[in-house]
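Engineer: got a predicted model here, sequence first, then my questions.
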Amino acid sequence: MSDENEIRDELNHSETEEQNNLQTVKVKKSRIKKVKTKEKKKKKKKGIHLGIGTLMLIFFCSFLIVVATFLQLNITHMIVPIKFWTGKPTTINDFVYSIKYIPQIPIIMFIVGLLGRRLGFISILLYIIAGLFFVPVFALGGGWRYIFEYSFGYIFAYLPAAILVGTILKKDYSYKNVAKAVFIGVLTIHAIGLLYMTGLAYLKHAGWGFVCAWTEAQSGIKILYDFVFSYLAVLVAKYARIILWFYL
């Protein structure tokens with residue numbers, strides 16, 4: 001009898017161990033499911049949620065780039081000419097500097113500052129796709145052959161610039177951080193634009209004089225205006241972002 005009792009005790013003990021193991025497995029599975037559901041919720045939150053208001057804002061910003069493409073600002077201000085320092089005779093006209101400025105780059109910075117990295121990238125991408133395949137929204141027209149234009153490098157550079165600027169502005173919109181984002185964004189656009197232009201000029205066997213003239217026209221003193229106006233544009237976007245996101 002004692003042997004039978006011992007066997008029964010062992011069987012009961014093994015059964016209780018199996019039940020305990022099953023319970024622990026169930027508990028672990030439930031915990032894993034909870035963790036997975038939490039991860040899924042986090043992923044859903046991180047995704048891009050495009051409401052009607054947001055879509056309208058994206059399309060509006062794409063249209064804003066088109067407007068900026070064909071908008072010329074006549075800027076006139078006083079300067080100190082080089083003649084003044086070299087001792088050459090100067091006139092009043094030498095101290096006046098006038099330039100026709102196209103505010104496309106500041107508008108790009110404004111869009112990224114307003115929409116953020118991902119939505120700003122989408123808005124700019126829509127503008128580029130529209131110009132290459134649907135509507136002639138670029139300065140010299142449109143169509144897929146526009147990629148062989150010297151200025152297309154600047155347009156293409158808007159995309160990596162949007163990613164860089166949006167990533168920097170994601171931290172905060174302090175004056176120092178805005179200046180950093182604008183500096184990197186504007187330099188990225190001009191660097192890629194000049195590299196693209198130089199590569200095309202090499203393939204088309206254009207002379208070095210053409211490259212220098214193009215560089216002076218597109219990335220000469222205009223880059224200074226791009227820095228100043230882009231900085232102001234992002235600051236405006238900072239407060240416009242607060243107002244729009246409050247209503248959307």
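Structural biologist: Yes, it's here. Numbers count the residues shown, from 1 in each chain.
Engineer: next, count neighbours for Ile192.
Structural biologist: Neighbours of Ile192 under the rule other CB atoms under 10 Å: 19. Every residue, glycine included, has its C-beta placed from N, CA and C.
Engineer: oh sorry, the question was meant for Tyr127
Structural biologist: Neighbour number of Tyr127 under other CB under 10 Å is 25.
Engineer: quick check: it touching Ser62?
Structural biologist: Yes: counting by CB atoms under 8 Å, Tyr127 touches Ser62, with 4.6 Å between them.
Engineer: where does the one residue sitting closest to the centre of the chain land on pLDDT?
Structural biologist: In the chain, the centroid-proximal residue (CA atoms, centre = their mean) is Ala162; its distance is 1.5 Å. pLDDT for Ala162: 97.
Engineer: show me the chain divided up by domain.
Structural biologist: The chain is divided into the following domains under automatic domain parsing: 1-47, 51-247.
Engineer: weakest of those in terms of mean pLDDT?
Structural biologist: Taking the mean pLDDT of the domains of the chain, domain 1-47 comes last: a mean of 52.
Engineer: in stretch 239-248, what's buried?
Structural biologist: Arg241 (16 or more other CB atoms under 10 Å).
Engineer: now the strands for this protein?
Structural biologist: Using DSSP state E, the strands of the chain run over 73-78, 96-101.
Engineer: thinking again about what came up before, shared neighbours of Tyr127 and Ser62, anything?
Structural biologist: Residues touching both Tyr127 and Ser62 (CB atoms under 8 Å, 6 or more residues apart in numbering): none.
Engineer: give me the contact list for stretch 197-213.
Structural biologist: 148, 150-151, 153, 214-215, 218.
Engineer: an error on my part: the question was meant for stretch 72-87.
Structural biologist: So stretch 72-87 is contacted by 89-90, 94-103, 225 (CB under 8 Å, 6+ apart).
Engineer: straight-line length of that stretch, end to end?
Structural biologist: 35 Å (CA to CA, to the nearest Å).
Engineer: quick check: buried residues in that stretch?
Structural biologist: Of the residues in stretch 72-87, none is buried (16+ other CB under 10 Å).
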